[in-house]
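> Fold the following.
(one chain, ligands or ions: 3)
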Amino acid sequence: MAPFRALVGVAALLPLLLQCSVAVTEVSCSDIVPMKWRREVISITDFGAVGDGRTLNTWPFKKAIYRIQHLRSRGGTLLYIPPGVWLTGSFSLTSHMTLYLARGAVIKATQDTWNWPLVDPLPSYGRGRELPGRRYVSFIQGDGISDVIITGENGTIDGQGDVWWNMWRQRSLHFTRPNLLEFKNSRDVIISNVVFQNSPFWNIHPVYCSNVVIKYVTVLAPYDSPNTDGIDPDSSSNVCIEDAHIATGDDLVAIKSGWDEYGIAYGRPSSGITIRRLQGSSPFSGIAIGSETSGGVENVLVENINLYNTGFGIHIKTNAGRGGYIRNVTVVNVSMNKVRKGIRIAGDVGDHPDEYFNRYAMPTVDGVTIKNVWGVDIQQPGSIEGIRSSPFTRICLSNVKLWGALMHYEQPWKCMDVSGAALGVQPWPCSQLTGTFSAGFCSSAF
Ligand SMILES: *[C@@H]1O[C@H](CO)[C@@H](O)[C@H](O)[C@H]1NC(C)=O
Ligand SMILES: *[C@@H]1O[C@H](CO)[C@@H](O)[C@H](O)[C@H]1NC(C)=O
Ligand SMILES: *[C@@H]1O[C@H](CO)[C@@H](O)[C@H](O)[C@H]1NC(C)=O
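Ligands and ions are numbered 1, 2, ... in the order given. So this is what the prediction gives:
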(Lines give C-alpha, C1' and ligand atoms only; values in the text may rest on other atoms or scores of the structure.)
(Ligands and ions follow the chains in the order given, each with its own letter.)
Protein backbone atom coordinates (compact mmCIF):
# COMPACT_ATOMS: atom_id res chain seq x y z
CA MET A 1 0.00 0.00 0.00
CA ALA A 2 2.85 2.38 0.80
CA PRO A 3 4.11 2.96 -2.76
CA PHE A 4 0.56 3.47 -3.92
CA ARG A 5 -0.04 6.15 -1.31
CA ALA A 6 3.27 7.80 -2.11
CA LEU A 7 2.28 8.03 -5.76
CA VAL A 8 -1.09 9.54 -4.95
CA GLY A 9 0.69 12.07 -2.78
CA VAL A 10 3.01 13.13 -5.57
CA ALA A 11 0.16 13.12 -8.06
CA ALA A 12 -1.86 15.46 -5.89
CA LEU A 13 1.07 17.82 -5.47
CA LEU A 14 2.34 17.86 -9.03
CA PRO A 15 -0.08 20.33 -10.55
CA LEU A 16 0.76 22.69 -7.69
CA LEU A 17 4.48 22.20 -8.17
CA LEU A 18 4.16 22.85 -11.89
CA GLN A 19 2.19 25.99 -11.25
CA CYS A 20 4.46 27.40 -8.56
CA SER A 21 7.86 26.54 -9.97
CA VAL A 22 7.95 29.30 -12.56
CA ALA A 23 6.63 32.81 -12.42
CA VAL A 24 3.97 32.69 -15.11
CA THR A 25 4.53 35.34 -17.73
CA GLU A 26 1.53 35.83 -19.96
CA VAL A 27 2.92 35.43 -23.44
CA SER A 28 0.64 35.89 -26.41
CA CYS A 29 0.38 35.77 -30.19
CA SER A 30 -0.46 39.46 -30.53
CA ASP A 31 2.99 40.48 -31.72
CA ILE A 32 2.60 38.36 -34.88
CA VAL A 33 -0.50 40.20 -36.14
CA PRO A 34 -1.85 43.05 -34.01
CA MET A 35 -5.62 43.44 -33.74
CA LYS A 36 -6.95 46.47 -35.56
CA TRP A 37 -10.20 48.38 -35.89
CA ARG A 38 -11.84 49.30 -39.19
CA ARG A 39 -13.11 52.74 -40.11
CA GLU A 40 -16.01 51.62 -42.19
CA VAL A 41 -18.80 49.35 -40.93
CA ILE A 42 -21.46 47.74 -43.14
CA SER A 43 -24.07 45.17 -42.15
CA ILE A 44 -25.07 42.07 -44.05
CA THR A 45 -28.66 43.34 -43.79
CA ASP A 46 -27.69 46.31 -46.01
CA PHE A 47 -27.44 43.72 -48.80
CA GLY A 48 -30.85 42.17 -48.30
CA ALA A 49 -29.86 39.28 -46.05
CA VAL A 50 -32.52 37.70 -43.85
CA GLY A 51 -31.46 35.95 -40.65
CA ASP A 52 -34.40 33.56 -40.32
CA GLY A 53 -32.42 30.35 -40.79
CA ARG A 54 -34.35 29.52 -43.99
CA THR A 55 -33.60 32.26 -46.51
CA LEU A 56 -30.49 31.51 -48.54
CA ASN A 57 -28.13 34.49 -48.23
CA THR A 58 -25.31 33.51 -50.60
CA TRP A 59 -25.96 36.47 -52.87
CA PRO A 60 -25.97 39.09 -50.04
CA PHE A 61 -22.64 37.72 -48.75
CA LYS A 62 -21.14 37.88 -52.26
CA LYS A 63 -22.47 41.42 -52.84
CA ALA A 64 -21.19 42.67 -49.47
CA ILE A 65 -17.71 41.27 -50.05
CA TYR A 66 -17.65 42.53 -53.66
CA ARG A 67 -18.49 45.96 -52.27
CA ILE A 68 -15.59 45.76 -49.75
CA GLN A 69 -13.19 44.65 -52.46
CA HIS A 70 -14.11 47.27 -55.05
CA LEU A 71 -15.07 50.37 -53.07
CA ARG A 72 -11.99 50.05 -50.94
CA SER A 73 -12.23 52.14 -47.81
CA ARG A 74 -8.99 53.32 -46.19
CA GLY A 75 -8.27 51.13 -43.16
CA GLY A 76 -10.56 48.40 -44.48
CA THR A 77 -14.18 47.52 -43.80
CA LEU A 78 -15.99 45.59 -41.11
CA LEU A 79 -18.86 43.38 -42.24
CA TYR A 80 -21.27 43.10 -39.31
CA ILE A 81 -23.36 39.96 -38.90
CA PRO A 82 -26.19 40.71 -36.44
CA PRO A 83 -27.84 38.13 -34.16
CA GLY A 84 -29.84 35.65 -36.23
CA VAL A 85 -29.26 32.53 -38.29
CA TRP A 86 -27.78 33.41 -41.69
CA LEU A 87 -28.03 30.47 -44.05
CA THR A 88 -25.67 30.68 -47.03
CA GLY A 89 -23.67 28.77 -49.61
CA SER A 90 -19.88 29.00 -49.63
CA PHE A 91 -18.30 32.43 -50.08
CA SER A 92 -14.84 34.02 -50.39
CA LEU A 93 -13.36 36.71 -48.20
CA THR A 94 -11.26 39.60 -49.50
CA SER A 95 -8.31 41.64 -48.18
CA HIS A 96 -8.64 44.40 -45.58
CA MET A 97 -11.85 43.14 -44.08
CA THR A 98 -13.19 42.03 -40.72
CA LEU A 99 -16.02 39.51 -40.60
CA TYR A 100 -17.66 40.35 -37.28
CA LEU A 101 -20.19 37.94 -35.74
CA ALA A 102 -22.35 39.52 -33.04
CA ARG A 103 -23.38 37.53 -29.99
CA GLY A 104 -26.10 35.17 -31.22
CA ALA A 105 -25.06 35.40 -34.88
CA VAL A 106 -24.80 32.07 -36.69
CA ILE A 107 -23.46 31.79 -40.25
CA LYS A 108 -24.86 28.45 -41.34
CA ALA A 109 -23.79 26.41 -44.36
CA THR A 110 -26.49 25.22 -46.72
CA GLN A 111 -26.87 21.44 -46.91
CA ASP A 112 -27.38 21.61 -50.67
CA THR A 113 -24.38 19.43 -51.45
CA TRP A 114 -25.45 19.06 -55.12
CA ASN A 115 -24.66 22.68 -55.88
CA TRP A 116 -21.48 22.91 -53.82
CA PRO A 117 -18.68 24.21 -56.13
CA LEU A 118 -15.54 22.21 -56.87
CA VAL A 119 -11.99 23.56 -56.93
CA ASP A 120 -8.58 22.18 -57.90
CA PRO A 121 -6.69 20.03 -55.44
CA LEU A 122 -3.84 21.63 -53.50
CA PRO A 123 -0.54 21.22 -55.40
CA SER A 124 1.20 19.84 -52.29
CA TYR A 125 -1.40 17.03 -52.11
CA GLY A 126 -1.78 16.35 -55.84
CA ARG A 127 -5.40 15.27 -55.35
CA GLY A 128 -8.22 15.68 -52.86
CA ARG A 129 -7.21 14.43 -49.43
CA GLU A 130 -9.88 11.78 -49.18
CA LEU A 131 -10.69 11.05 -52.82
CA PRO A 132 -8.73 11.49 -56.08
CA GLY A 133 -9.44 14.51 -58.26
CA ARG A 134 -10.93 17.87 -57.36
CA ARG A 135 -12.35 18.82 -53.99
CA TYR A 136 -15.33 20.79 -52.76
CA VAL A 137 -14.50 24.43 -52.03
CA SER A 138 -14.29 25.34 -48.34
CA PHE A 139 -17.43 26.90 -46.84
CA ILE A 140 -15.61 30.18 -46.10
CA GLN A 141 -12.35 30.68 -47.93
CA GLY A 142 -9.68 33.27 -48.66
CA ASP A 143 -7.16 32.88 -51.48
CA GLY A 144 -4.19 35.20 -51.92
CA ILE A 145 -5.46 37.81 -49.49
CA SER A 146 -4.02 39.71 -46.52
CA ASP A 147 -5.13 41.77 -43.54
CA VAL A 148 -8.21 39.69 -42.73
CA ILE A 149 -9.91 39.29 -39.36
CA ILE A 150 -12.74 37.00 -38.32
CA THR A 151 -13.92 37.95 -34.87
CA GLY A 152 -16.82 39.20 -32.78
CA GLU A 153 -18.69 38.16 -29.66
CA ASN A 154 -18.35 34.40 -29.99
CA GLY A 155 -20.90 34.00 -32.77
CA THR A 156 -20.92 30.68 -34.60
CA ILE A 157 -19.85 29.40 -37.99
CA ASP A 158 -21.82 26.16 -38.45
CA GLY A 159 -20.98 23.73 -41.26
CA GLN A 160 -24.06 21.51 -40.76
CA GLY A 161 -21.69 18.66 -41.55
CA ASP A 162 -24.02 15.73 -40.84
CA VAL A 163 -25.13 15.41 -44.49
CA TRP A 164 -21.48 15.15 -45.51
CA TRP A 165 -20.58 12.72 -42.69
CA ASN A 166 -23.49 10.52 -43.78
CA MET A 167 -22.31 10.56 -47.40
CA TRP A 168 -18.89 9.49 -46.10
CA ARG A 169 -20.47 6.69 -44.03
CA GLN A 170 -22.51 5.52 -47.02
CA ARG A 171 -19.50 5.82 -49.33
CA SER A 172 -21.50 7.98 -51.70
CA LEU A 173 -19.04 10.91 -51.89
CA HIS A 174 -17.44 11.65 -55.27
CA PHE A 175 -14.99 14.32 -54.14
CA THR A 176 -13.17 15.37 -50.96
CA ARG A 177 -15.47 17.07 -48.46
CA PRO A 178 -15.20 20.86 -47.84
CA ASN A 179 -13.31 22.41 -44.94
CA LEU A 180 -15.25 24.88 -42.81
CA LEU A 181 -12.64 27.68 -43.18
CA GLU A 182 -9.58 27.70 -45.42
CA PHE A 183 -7.00 30.41 -46.03
CA LYS A 184 -4.64 29.73 -48.92
CA ASN A 185 -1.60 31.86 -49.93
CA SER A 186 -2.71 34.48 -47.43
CA ARG A 187 -1.01 36.49 -44.71
CA ASP A 188 -1.79 38.64 -41.68
CA VAL A 189 -4.88 36.79 -40.60
CA ILE A 190 -6.56 36.86 -37.17
CA ILE A 191 -9.30 34.47 -36.12
CA SER A 192 -10.55 35.15 -32.60
CA ASN A 193 -13.65 34.86 -30.42
CA VAL A 194 -15.58 32.68 -32.84
CA VAL A 195 -17.18 29.24 -32.39
CA PHE A 196 -16.71 26.75 -35.24
CA GLN A 197 -18.98 23.77 -35.29
CA ASN A 198 -19.91 20.69 -37.30
CA SER A 199 -17.45 21.10 -40.13
CA PRO A 200 -17.99 18.68 -43.04
CA PHE A 201 -14.22 17.90 -42.94
CA TRP A 202 -11.29 19.81 -41.33
CA ASN A 203 -12.40 22.93 -39.43
CA ILE A 204 -9.69 25.58 -39.85
CA HIS A 205 -7.06 25.08 -42.56
CA PRO A 206 -4.39 27.75 -43.20
CA VAL A 207 -2.32 26.47 -46.14
CA TYR A 208 0.66 28.29 -47.80
CA CYS A 209 0.06 31.14 -45.33
CA SER A 210 2.21 33.28 -43.06
CA ASN A 211 1.40 35.28 -39.94
CA VAL A 212 -1.79 33.67 -38.75
CA VAL A 213 -3.17 34.16 -35.24
CA ILE A 214 -5.96 31.96 -33.93
CA LYS A 215 -7.08 32.70 -30.39
CA TYR A 216 -10.08 32.34 -28.11
CA VAL A 217 -11.76 30.00 -30.55
CA THR A 218 -13.99 27.07 -29.73
CA VAL A 219 -14.16 24.22 -32.23
CA LEU A 220 -16.83 21.54 -31.78
CA ALA A 221 -17.92 18.46 -33.69
CA PRO A 222 -19.31 15.12 -32.46
CA TYR A 223 -16.81 12.56 -31.15
CA ASP A 224 -17.80 10.18 -33.99
CA SER A 225 -17.76 12.71 -36.86
CA PRO A 226 -15.21 11.64 -39.53
CA ASN A 227 -12.07 13.74 -40.21
CA THR A 228 -13.25 16.82 -38.33
CA ASP A 229 -9.73 18.00 -37.40
CA GLY A 230 -9.77 21.19 -35.32
CA ILE A 231 -6.95 23.36 -36.71
CA ASP A 232 -4.49 22.16 -39.38
CA PRO A 233 -1.61 24.60 -40.06
CA ASP A 234 -0.31 23.31 -43.39
CA SER A 235 2.84 24.48 -45.25
CA SER A 236 2.54 27.74 -43.31
CA SER A 237 4.88 29.86 -41.22
CA ASN A 238 4.35 31.93 -38.09
CA VAL A 239 1.10 30.43 -36.99
CA CYS A 240 0.11 31.04 -33.38
CA ILE A 241 -2.79 29.25 -31.74
CA GLU A 242 -3.69 30.07 -28.17
CA ASP A 243 -6.52 29.87 -25.64
CA ALA A 244 -8.49 27.37 -27.66
CA HIS A 245 -11.08 24.84 -26.62
CA ILE A 246 -11.43 22.04 -29.18
CA ALA A 247 -13.50 18.85 -29.03
CA THR A 248 -13.94 17.08 -32.36
CA GLY A 249 -13.93 13.67 -34.02
CA ASP A 250 -10.30 13.82 -35.18
CA ASP A 251 -6.96 15.49 -34.30
CA LEU A 252 -7.42 18.72 -32.31
CA VAL A 253 -4.42 20.37 -33.98
CA ALA A 254 -2.40 18.69 -36.74
CA ILE A 255 0.62 20.42 -38.28
CA LYS A 256 1.12 19.30 -41.88
CA SER A 257 3.11 20.18 -45.02
CA GLY A 258 1.95 18.15 -48.01
CA TRP A 259 1.69 14.57 -49.13
CA ASP A 260 4.46 12.30 -50.46
CA GLU A 261 5.81 13.10 -53.96
CA TYR A 262 3.49 16.12 -54.31
CA GLY A 263 4.56 17.61 -50.98
CA ILE A 264 8.24 16.92 -51.69
CA ALA A 265 7.99 18.61 -55.12
CA TYR A 266 6.09 21.61 -53.74
CA GLY A 267 8.63 21.90 -50.89
CA ARG A 268 6.80 24.30 -48.60
CA PRO A 269 7.50 23.64 -44.89
CA SER A 270 5.50 24.53 -41.82
CA SER A 271 7.70 26.51 -39.44
CA GLY A 272 7.36 28.77 -36.45
CA ILE A 273 4.21 27.15 -35.13
CA THR A 274 3.15 27.97 -31.55
CA ILE A 275 0.30 26.28 -29.73
CA ARG A 276 -0.42 27.28 -26.16
CA ARG A 277 -3.20 27.07 -23.59
CA LEU A 278 -5.29 24.58 -25.50
CA GLN A 279 -7.69 22.15 -23.91
CA GLY A 280 -9.85 19.50 -25.43
CA SER A 281 -10.79 15.96 -26.22
CA SER A 282 -10.65 13.71 -29.30
CA PRO A 283 -10.84 10.01 -30.18
CA PHE A 284 -7.58 10.55 -32.13
CA SER A 285 -4.73 12.96 -31.31
CA GLY A 286 -4.56 15.94 -29.00
CA ILE A 287 -1.53 17.59 -30.59
CA ALA A 288 -0.36 15.99 -33.84
CA ILE A 289 2.42 16.61 -36.31
CA GLY A 290 1.70 14.74 -39.54
CA SER A 291 1.25 12.44 -41.01
CA GLU A 292 1.56 14.56 -44.21
CA THR A 293 4.89 16.33 -43.58
CA SER A 294 6.62 16.01 -46.93
CA GLY A 295 7.50 19.73 -47.12
CA GLY A 296 9.07 19.58 -43.62
CA VAL A 297 7.98 20.79 -40.19
CA GLU A 298 10.32 22.73 -37.92
CA ASN A 299 10.49 25.13 -34.99
CA VAL A 300 7.37 24.11 -33.17
CA LEU A 301 6.54 25.12 -29.60
CA VAL A 302 3.60 23.57 -27.77
CA GLU A 303 2.92 24.57 -24.15
CA ASN A 304 0.28 24.41 -21.43
CA ILE A 305 -2.02 21.81 -22.91
CA ASN A 306 -4.80 20.01 -21.10
CA LEU A 307 -6.28 16.87 -22.69
CA TYR A 308 -8.99 14.45 -21.56
CA ASN A 309 -10.80 11.51 -23.19
CA THR A 310 -8.28 11.42 -25.97
CA GLY A 311 -6.75 8.67 -28.12
CA PHE A 312 -3.13 9.88 -28.38
CA GLY A 313 -1.96 12.82 -26.28
CA ILE A 314 1.07 13.90 -28.31
CA HIS A 315 1.32 12.22 -31.71
CA ILE A 316 4.17 12.75 -34.18
CA LYS A 317 3.48 10.64 -37.25
CA THR A 318 5.15 10.14 -40.59
CA ASN A 319 5.84 7.33 -43.02
CA ALA A 320 8.31 5.95 -45.54
CA GLY A 321 7.57 7.70 -48.86
CA ARG A 322 6.79 10.98 -47.11
CA GLY A 323 10.34 12.39 -47.21
CA GLY A 324 10.62 15.77 -45.50
CA TYR A 325 11.66 16.30 -41.90
CA ILE A 326 10.29 16.98 -38.43
CA ARG A 327 12.82 18.86 -36.30
CA ASN A 328 13.21 21.26 -33.41
CA VAL A 329 9.92 20.49 -31.72
CA THR A 330 9.38 21.38 -28.06
CA VAL A 331 6.35 20.27 -26.10
CA VAL A 332 6.15 21.40 -22.48
CA ASN A 333 3.61 21.26 -19.66
CA VAL A 334 0.93 18.88 -20.80
CA SER A 335 -1.63 17.31 -18.51
CA MET A 336 -3.71 14.36 -19.64
CA ASN A 337 -6.65 12.49 -18.18
CA LYS A 338 -8.15 9.30 -19.68
CA VAL A 339 -5.86 8.96 -22.66
CA ARG A 340 -5.29 5.70 -24.55
CA LYS A 341 -1.62 6.39 -25.32
CA GLY A 342 0.22 9.37 -23.86
CA ILE A 343 3.00 9.93 -26.38
CA ARG A 344 3.46 8.31 -29.77
CA ILE A 345 6.19 9.05 -32.31
CA ALA A 346 5.84 6.72 -35.25
CA GLY A 347 7.31 6.21 -38.70
CA ASP A 348 4.61 3.99 -40.17
CA VAL A 349 1.42 6.07 -40.11
CA GLY A 350 -0.83 7.19 -42.94
CA ASP A 351 -1.76 6.28 -46.47
CA HIS A 352 -0.27 7.33 -49.81
CA PRO A 353 -1.86 9.52 -52.52
CA ASP A 354 -1.23 7.00 -55.31
CA GLU A 355 1.23 4.32 -56.36
CA TYR A 356 3.81 6.84 -57.67
CA PHE A 357 5.26 7.77 -54.28
CA ASN A 358 8.98 7.10 -53.81
CA ARG A 359 9.24 4.35 -51.23
CA TYR A 360 12.87 5.32 -50.58
CA ALA A 361 11.94 8.90 -49.62
CA MET A 362 12.60 8.57 -45.89
CA PRO A 363 11.55 11.29 -43.47
CA THR A 364 13.92 12.42 -40.71
CA VAL A 365 12.77 13.10 -37.17
CA ASP A 366 15.40 14.95 -35.10
CA GLY A 367 15.36 17.12 -31.99
CA VAL A 368 12.04 16.53 -30.28
CA THR A 369 11.86 17.53 -26.60
CA ILE A 370 8.84 16.56 -24.54
CA LYS A 371 9.00 17.94 -21.03
CA ASN A 372 6.80 18.17 -17.92
CA VAL A 373 4.01 15.85 -18.90
CA TRP A 374 1.68 14.54 -16.27
CA GLY A 375 -1.14 12.09 -16.90
CA VAL A 376 -3.59 9.87 -15.06
CA ASP A 377 -5.71 7.06 -16.40
CA ILE A 378 -3.34 6.51 -19.32
CA GLN A 379 -3.72 3.03 -20.85
CA GLN A 380 -0.26 2.99 -22.39
CA PRO A 381 2.47 5.55 -21.65
CA GLY A 382 3.92 5.65 -25.11
CA SER A 383 5.91 4.36 -28.01
CA ILE A 384 8.66 5.74 -30.18
CA GLU A 385 9.11 3.66 -33.29
CA GLY A 386 11.47 5.07 -35.90
CA ILE A 387 12.33 3.81 -39.35
CA ARG A 388 15.18 1.30 -39.61
CA SER A 389 16.95 3.15 -42.44
CA SER A 390 16.21 6.54 -40.85
CA PRO A 391 16.18 6.24 -37.05
CA PHE A 392 14.72 9.09 -35.00
CA THR A 393 17.47 11.10 -33.29
CA ARG A 394 17.82 13.42 -30.28
CA ILE A 395 14.45 12.51 -28.83
CA CYS A 396 14.35 13.90 -25.28
CA LEU A 397 11.79 12.96 -22.65
CA SER A 398 12.13 14.91 -19.44
CA ASN A 399 9.91 14.74 -16.35
CA VAL A 400 7.21 12.67 -18.01
CA LYS A 401 4.89 10.83 -15.58
CA LEU A 402 2.05 8.81 -17.04
CA TRP A 403 -0.01 6.79 -14.58
CA GLY A 404 -2.59 4.12 -15.33
CA ALA A 405 -6.15 4.09 -14.11
CA LEU A 406 -5.33 2.94 -10.58
CA MET A 407 -2.39 5.32 -10.26
CA HIS A 408 0.07 2.60 -11.12
CA TYR A 409 1.96 1.98 -14.30
CA GLU A 410 0.13 -0.47 -16.49
CA GLN A 411 2.20 -0.95 -19.61
CA PRO A 412 5.85 -0.39 -20.50
CA TRP A 413 7.15 2.02 -23.12
CA LYS A 414 7.87 0.56 -26.52
CA CYS A 415 10.76 1.80 -28.68
CA MET A 416 12.79 0.91 -31.71
CA ASP A 417 15.08 2.72 -34.16
CA VAL A 418 15.43 5.76 -31.91
CA SER A 419 18.19 7.46 -29.94
CA GLY A 420 18.00 10.22 -27.38
CA ALA A 421 17.64 10.57 -23.65
CA ALA A 422 15.10 10.25 -20.88
CA LEU A 423 15.26 12.01 -17.53
CA GLY A 424 12.69 11.56 -14.78
CA VAL A 425 10.39 9.41 -16.89
CA GLN A 426 7.88 7.08 -15.24
CA PRO A 427 7.13 4.36 -15.98
CA TRP A 428 10.75 3.55 -16.74
CA PRO A 429 11.43 4.49 -20.38
CA CYS A 430 12.82 2.06 -22.91
CA SER A 431 16.51 1.23 -22.96
CA GLN A 432 17.13 3.00 -26.30
CA LEU A 433 16.62 6.30 -24.46
CA THR A 434 18.39 5.47 -21.20
CA GLY A 435 21.46 3.87 -22.72
CA THR A 436 22.54 6.99 -24.60
CA PHE A 437 25.93 8.15 -23.35
CA SER A 438 25.46 11.92 -23.35
CA ALA A 439 22.13 13.26 -22.20
CA GLY A 440 23.43 16.84 -22.18
CA PHE A 441 21.18 18.05 -24.97
CA CYS A 442 18.19 16.81 -23.01
CA SER A 443 18.96 18.19 -19.55
CA SER A 444 19.89 21.57 -21.00
CA ALA A 445 16.95 21.60 -23.35
CA PHE A 446 15.14 24.04 -21.06
C1 LIG B 1 -15.60 34.31 -25.97
O2 LIG B 1 -15.13 33.03 -25.55
C3 LIG B 1 -13.85 33.06 -24.93
C4 LIG B 1 -13.47 31.65 -24.58
O5 LIG B 1 -13.14 30.97 -25.74
C6 LIG B 1 -13.90 33.94 -23.69
O7 LIG B 1 -12.61 34.02 -23.12
C8 LIG B 1 -14.35 35.34 -24.09
O9 LIG B 1 -14.49 36.13 -22.93
C10 LIG B 1 -15.69 35.30 -24.83
N11 LIG B 1 -15.98 36.62 -25.32
C12 LIG B 1 -17.18 37.16 -25.26
C13 LIG B 1 -17.30 38.52 -25.85
O14 LIG B 1 -18.13 36.58 -24.76
C1 LIG C 1 13.70 26.05 -32.44
O2 LIG C 1 12.34 26.47 -32.40
C3 LIG C 1 12.11 27.57 -31.55
C4 LIG C 1 10.61 27.82 -31.58
O5 LIG C 1 9.98 26.82 -30.91
C6 LIG C 1 12.90 28.78 -32.01
O7 LIG C 1 12.70 29.83 -31.12
C8 LIG C 1 14.37 28.42 -32.08
O9 LIG C 1 15.09 29.51 -32.63
C10 LIG C 1 14.56 27.19 -32.95
N11 LIG C 1 15.96 26.77 -32.91
C12 LIG C 1 16.70 26.66 -33.99
C13 LIG C 1 18.10 26.19 -33.77
O14 LIG C 1 16.27 26.93 -35.10
C1 LIG D 1 0.77 24.40 -17.18
O2 LIG D 1 -0.44 24.39 -17.96
C3 LIG D 1 -1.61 24.64 -17.22
C4 LIG D 1 -2.78 24.57 -18.18
O5 LIG D 1 -2.87 23.30 -18.73
C6 LIG D 1 -1.54 26.02 -16.55
O7 LIG D 1 -2.67 26.22 -15.75
C8 LIG D 1 -0.27 26.12 -15.72
O9 LIG D 1 -0.12 27.45 -15.24
C10 LIG D 1 0.94 25.77 -16.57
N11 LIG D 1 2.16 25.77 -15.74
C12 LIG D 1 3.24 26.49 -16.06
C13 LIG D 1 4.41 26.36 -15.16
O14 LIG D 1 3.28 27.23 -17.03
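> need the residues of the stretch 201-350 of the chain near ligand 1, please.
216, 218, 245 (C-beta under 6 Å from any ligand atom). From N, CA and C alone the C-beta is placed, and that goes for glycine too.
> Just the buried ones from those residues?
218, 245 (16 or more other C-beta atoms under 10 Å).
> Any chance of CSV for the residues of the stretch 201-350 of the chain next to ligand 1, columns distance to ligand 3 and secondary structure?
Below are these laid out as CSV (distance: C-beta to the nearest ligand atom, whole Å; DSSP: H, G, I helix; E, B strand; the rest coil):
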residue, distance to ligand 3, secondary structure
216, 15, strand
218, 16, strand
245, 12, strand
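> Tell me how many other residues crowd residue 31.
Neighbour count of residue 31, defined by other C-beta atoms under 10 Å: 9.
> what sits against it?
Shown in contact with residue 31 (C-beta atoms under 8 Å, 6 or more residues apart in numbering): no residues.
> Ramachandran angles for residue 311?
phi -70, psi -70 (degrees, to the nearest 10).
> center of this structure - which residue?
residue 253 (2.1 Å; C-alpha atoms, centre = their mean).
> related to what we said a few turns ago, and which of the residues of the stretch 201-350 of the chain next to ligand 1 is nearest to residue 121?
residue 218 (29.6 Å; C-beta to C-beta).
> what does the protein put close to ligand 2?
299-301, 328, 330.
> Let's have those residues in a markdown table, adding distance to residue 406 and pLDDT.
Formatted as a markdown table, the residues of the chain next to ligand 2 follow (distance: C-beta to C-beta, whole Å; pLDDT from 0 to 100):
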| residue | distance to residue 406 | pLDDT |
| --- | --- | --- |
| 299 | 39 | 98 |
| 300 | 34 | 98 |
| 301 | 34 | 98 |
| 328 | 37 | 98 |
| 330 | 31 | 98 |
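> Which of the residues you listed fall in helices?
Taking DSSP state H, every one of the residues of the chain next to ligand 2 sits outside helices.
> quick one: which of the residues you listed sit in strands?
299-301, 328, 330 (DSSP state E).
> Who wins on neighbours among those residues?
Most surrounded of those: other C-beta under 10 Å gives residue 300, at 24 neighbours.
> For that residue, give me its contacts.
By C-beta under 8 Å, 6+ apart, the neighbours of residue 300 are 255, 270, 273-275, 289, 328-330.
> now swap in residue 283 and tell me
Residue 283 neighbours (C-beta under 8 Å, 6+ apart): 223-224, 249-250, 310-311.
> if we can go back for a sec, look up which residues are beta-bridged to the residue nearest to the centre of the chain.
Beta-bridge partners recorded for residue 253 (DSSP bridges): residue 231, residue 287.
> Per-residue pLDDT of it, please?
Predicted confidence (pLDDT) at residue 253: the value is 98.
> Now do the contacts for it.
Residue 253 touches 229-233, 241, 246, 275, 278, 286-288, counting by C-beta under 8 Å, 6+ apart.
> If we use 7 Å, what do you get?
Residue 253 makes contact with 230-231, 241, 275, 278, 287-288, according to C-beta atoms under 7 Å, 6 or more residues apart in numbering.
> related to what we said a few turns ago, adding pLDDT, write the residues of the stretch 201-350 of the chain next to ligand 1 out as CSV.
Below are those laid out as CSV (pLDDT from 0 to 100):
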residue, pLDDT
216, 98
218, 98
245, 98
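> other SSEs contacting the one helix or strand residue 366 maps to?
Using DSSP states H and E, residue 366 sits within strand 364-385. Identification of packing neighbours for strand 364-385 by 3 or more C-beta pairs under 7 Å, 6 or more residues apart in numbering; DSSP states H and E yields helix 2-21, strand 297-317, strand 325-346, strand 392-402, strand 414-416.
> Show me the one of the ones you listed that comes nearest residue 108.
When the helices and strands packed on strand 364-385 are compared (using C-beta to C-beta), the closest one is strand 297-317, at 27.7 Å.
> So what's the gap between the closest one and the chain middle?
9 Å (C-alpha atoms, centre = their mean, to the nearest Å).
> Sheet-wise, list the partners of it with their directions.
Going by DSSP bridges, the partners of strand 297-317 are strand 270-289 (parallel), strand 325-346 (parallel).
> Throw the ones you listed into CSV and include distance to residue 395, thanks.
Formatted as CSV, the strands paired with strand 297-317 follow (distance: least, C-beta to C-beta, whole Å):
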stretch, distance to residue 395
strand 270-289, 13
strand 325-346, 7
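> how about TSV for these, with distance to ligand 3 added?
Shown next, in TSV, are those (distance: least, C-beta to the nearest ligand atom, whole Å):
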stretch	distance to ligand 3
strand 270-289	6
strand 325-346	4
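> so which of those gets nearest residue 111?
For these, proximity to residue 111 was assessed by C-beta to C-beta; strand 270-289 is nearest, at 24.6 Å.
> would a markdown table of the helices and strands packed on strand 364-385 with distance to residue 162 be doable?
Below are these laid out as a markdown table (distance: least, C-beta to C-beta, whole Å):
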| stretch | distance to residue 162 |
| --- | --- |
| helix 2-21 | 38 |
| strand 297-317 | 21 |
| strand 325-346 | 26 |
| strand 392-402 | 36 |
| strand 414-416 | 38 |
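> Mean pLDDT lowest where, among those?
Looking at those, the bottom one is helix 2-21 with a mean of 40.
> partners of whatever helix or strand comes next after it, with directions?
Sequence order places strand 40-43 as the next helix or strand after helix 2-21, per DSSP H and E. Partner strands for strand 40-43, per DSSP bridges, with pairing direction: strand 77-81 (parallel).
> gap between whatever helix or strand comes next after the strand it pairs with and the chain center?
Counting by DSSP H and E, the next helix or strand C-terminal to strand 77-81 is strand 84-88. Centroid displacement of strand 84-88 relative to its chain, using C-alpha atoms, centre = their mean, is 27 Å.
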